[in-house]
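Novice: My questions are about this predicted structure, shown below with the sequence.
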Amino acid sequence: MTATRQQWEQARAAGVSARQNGKKRDQSPLYAMGRDGETLREAWQMGWDDEDARRAKR
């Protein structure tokens with residue numbers, strides 16, 4: 001299984017939402033084993049980081 005663009009976008013959006021709801025960065029979901037899971041975890045963390053940076057600018 002290869003992660004699709006839609007799955008990547010959903011994982012990133014979930015990261016943004018997680019940050020908005022007070023989840024810690026190290027609480028990212030595991031998604032799947034292997035490279036696909038790693039790609040989605042990275043997208044989640046990217047979303048979390050983007051939201052964290054946005055909040056820091058306030």
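Specialist: Ah, there it is. What you are looking at is a predicted structure, and each value in this text was computed from that prediction instead of being measured.
Novice: residue contacts, the closest residue to residue 55 other than its chain neighbours?
Specialist: Nearest non-adjacent residue to residue 55, counting by CB to CB, 6 or more residues apart in numbering: residue 19, 7.5 Å away. For glycine as for every other residue, the C-beta is placed from the backbone atoms N, C-alpha and C. Residues near residue 19 by CB atoms under 8 Å, 6 or more residues apart in numbering: 25, 47-48, 51-52, 55.
Novice: and residue 8, how many neighbours does it have?
Specialist: Neighbourhood size, residue 8 [other CB atoms under 10 Å]: 16.
Novice: tell me the phi and psi of it?
Specialist: Dihedral pair for residue 8: phi -60, psi -50, per degrees, to the nearest 10.
Novice: now swap in the one 3 residues further on and tell me
Specialist: Reported as degrees, to the nearest 10, the phi and psi values for residue 11 are phi -70, psi -40.
Novice: Count the neighbours of residue 9 for me.
Specialist: 12.
Novice: What helix or strand is it located in?
Specialist: Taking DSSP states H and E as the criterion, residue 9 maps to helix 5-20.
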